[in-house]
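> have a look at this fold, sequence not included:
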């Protein structure tokens with residue numbers, strides 16, 4: 001499980017160093033093999049260990065091509081999926097198309113999200129986080145059904 005928040009830098013070639021605290025685990029879990037793709041819900045990227053991605057691909061394959069939202073999700077996630085390998089310095093190369101999608105420049109944020117990471121433009125993340133925090137307590141109604149029995 002991956003958790004936590006880190007600010008990271010991208011170099012001029014679009015390489016991003018994975019924080020040290022995750023590297024050993026990624027080497028063990030995935031032998032440094034990762035898959036990077038678009039998050040179809042937010043303007044950020046998802047980074048999966050290869051074995052986790054293979055599980056996601058099976059779930060995507062089960063979705064109907066006749067449902068427009070399912071088809072678009074598959075097109076975005078599969079179509080922009082890129083195999084990544086941690087290099088000797090613990091970096092991955094983020095392709096230009098994905099950097100453009102997530103507006104990644106020199107400063108980024110990587111968030112551990114259990115089985116994957118989210119990679120955000122630092123400013124975009126701060127704006128989104130602040131927006132969500134400003135909404136705390138102002139939502140109408142009760143939480144979604146799936147969360148009503150959740151005890152934190």
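Sure, I can see it. From a predicted model like this one, the values you see are computed outputs, not experimental measurements.
> contacts for the longest helix seen in the chain?
If each helix of the chain is counted by residues according to DSSP state H, the longest one is helix 122-135. For helix 122-135, the external contacting residues (C-beta atoms under 8 Å, 6 or more residues apart in numbering) are 7, 42-44, 102-103, 107-109, 111, 120. For the C-beta atoms, the positions are set from N, CA and C on the backbone; glycine is no exception.
> buried among those? Make that a ChimeraX selection.
Here is the ChimeraX command that selects the buried residues among the contacts of helix 122-135 (16 or more other C-beta atoms under 10 Å):
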select :44,102,108,109,111,120
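> was I right to think residue 17 contacts residue 7?
No. Counting by C-beta atoms under 8 Å, residue 17 stays clear of residue 7, with 11.2 Å between them.
> got any ranges where this structure has weak pLDDT?
Filtered on pLDDT under 70, the chain yields the residue ranges 138-143, 147, 150-152.
> ok, back up a step: following the longest helix of the chain, which helix or strand shows up next?
helix 145-148 (DSSP states H and E).
> output the contacting helices and strands for that following helix.
The contact analysis (3 or more C-beta pairs under 8 Å, 6 or more residues apart in numbering; DSSP states H and E) places helix 145-148 against no helix or strand.
> tell me the contacts of residue 52?
Neighbouring residues of residue 52 by C-beta under 8 Å, 6+ apart: 30, 115-116.
> okay, the residues you listed in JSON lines with secondary structure and distance to residue 38 next?
Output for the contacts of residue 52, formatted as JSON lines (DSSP: H, G, I helix; E, B strand; the rest coil; distance: C-beta to C-beta, whole Å):
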{"residue": "30", "secondary structure": "helix", "distance to residue 38": "20"}
{"residue": "115", "secondary structure": "coil", "distance to residue 38": "17"}
{"residue": "116", "secondary structure": "coil", "distance to residue 38": "13"}
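> what helix or strand is the residue positioned nearest the centre of the chain on?
Nearest to the geometric centre of the chain sits residue 46, at 2.0 Å (C-alpha atoms, centre = their mean). Using DSSP H and E, residue 46 sits within strand 45-49.
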